[in-house]
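Trainee: when you get a sec, could you give me coordinates for this:
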Amino acid sequence: MTLQADTKTNDSRNAPAQTRTTSGLDQTMDNRPGLINRAMTRLVAWAEALNLRHSKVGNPPVYDNAVFPWAAEIEREWHLIREELDRVLVRKDELPGFHEIAGDVKAISDDSNWKTFLFCAYGLKSEAAIRQCPETWRILQKIPGLKTGLFSIFEPGKHLPPHRGPYNGVLRFHLGLLVPPEPDRIGIRVCDEICHWEEGKALIFDDAYEHEAWNHSDKVRVVLFVDFVKPLSFPASAVNWVLLNMAVFTPFIREGYKAQKSWEKLFFGEGEHARS
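Mentor: This is a model prediction of the structure:
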């Protein structure tokens, strides 16, 4: 099995348009009450248009990995990440559902079949997770503009409906870690491109395009899930820097960090003591 997409182009002229909403889904982030949130929503929409005009790497839904040479370095060390993942998965049933850490994803997932093991998110770090997976953390540092890093775990039968990410100032990197060789049952659609993960191989895409992902097999699928800063020219690069560094102060990130810390007390603290 090979990671593949129907087409891969970095020509922005041929890229389909990005849309701010996905029909049929609640826009949980946009619906937060308050004047500040409404102002931020308008600011993000303006910045997204600026980012599309000033991208250094085009605006395709799915990228050729050669555009980001560091991806090959990550692939070469994937076995080290897999070894640490295997140790985490011994306690898989104790891992939180993604929606328990990032409450705003409840519009697309509100069950325990999408689990996560978080290392970092927009300047906030899980020191306990980093201590448990030091090689993974070392390898993550090879990614320029790293913003989010975690293990994304799909239980058998999980299907994320069509949705889009909250902001196009970052790109998404997946590294296949545990992927059953069943491409007819496991995959991800980004815009109109169908891709399939492969263990040890990277997939880089723009999650601001509508996408959906599924694991219709009877086995677990895990990828290393990363958001990194999209390469932009000035002035978009400056605006993007400001917005991404403001993210740590938003309710979305602060509430997630609080939920993460509460879970860590059980998993790394009381939970570990109870097991000893």
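
Trainee: flag every buried residue along the helix or strand where Ile194 lies.
Mentor: Counting by DSSP states H and E, the element that carries Ile194 is strand 193-195. Buried residues in strand 193-195, counted by 16 or more other CB atoms under 10 Å: 193, 195. For every residue, glycine as well, the C-beta is placed using N, CA and C.

Trainee: which other helices and strands contact that strand?
Mentor: strand 186-190 (3 or more CB pairs under 8 Å, 6 or more residues apart in numbering; DSSP states H and E).

Trainee: show residues contacting the strand it packs on.
Mentor: Contacting residues not belonging to strand 186-190 are listed as 5, 61-62, 162, 174, 179-180, 194-197, 203, 205-207, 209-217, 221 [CB atoms under 8 Å, 6 or more residues apart in numbering].

Trainee: show me those residues that map onto strands.
Mentor: 162, 174, 194-195, 203, 205, 211-215, 221 (DSSP state E).

Trainee: nearest to Ala66, of those residues?
Mentor: Using CB to CB, Leu203 is the member of the ones in strands among the contacts of strand 186-190 that sits closest to Ala66, with 13.2 Å.

Trainee: which residues does the residue nearest to that closest one when sequence neighbours are not counted contact?
Mentor: Spatial nearest neighbour of Leu203, chain neighbours left out: His174 (4.4 Å); criterion: CB to CB, 6 or more residues apart in numbering. Contact analysis of His174 by CB under 8 Å, 6+ apart lists 152, 188, 197, 202-205, 223-226.

Trainee: now Glu210
Mentor: Counting by CB under 8 Å, 6+ apart, Glu210 touches 19, 22, 162-164, 190-191.

Trainee: report the buried members of these.
Mentor: Neighbour-count burial (16+ other CB under 10 Å) applied to the contacts of Glu210 gives 22, 163-164, 190-191.

Trainee: any chance of these in CSV, plus distance to Pro96 and pLDDT?
Mentor: Below are those laid out as CSV (distance: CB to CB, whole Å; pLDDT from 0 to 100):
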residue, distance to Pro96, pLDDT
Thr22, 24, 60
His163, 20, 94
Arg164, 23, 92
Val190, 26, 97
Cys191, 30, 96
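
Trainee: between these, which is closest to Arg91?
Mentor: His163 (28.5 Å).

Trainee: ok, and the closest non-adjacent residue to that closest one?
Mentor: In space, His163 is closest to Ile108, 4.8 Å off (CB to CB, 6+ apart).

Trainee: pLDDT on the strand holding Ile194, on average?
Mentor: Mean per-residue pLDDT for strand 193-195: 97.

Trainee: so what are the sheet partners of it and their directions?
Mentor: Paired strands of strand 193-195, with direction, are strand 186-190 (antiparallel) (DSSP bridges).

Trainee: got the angle for the strand it pairs with vs strand 211-215?
Mentor: Put simply, strand 186-190 runs at 180 degrees to strand 211-215, going by axes from the mean of the first three to the mean of the last three CA atoms, to 10 degrees.
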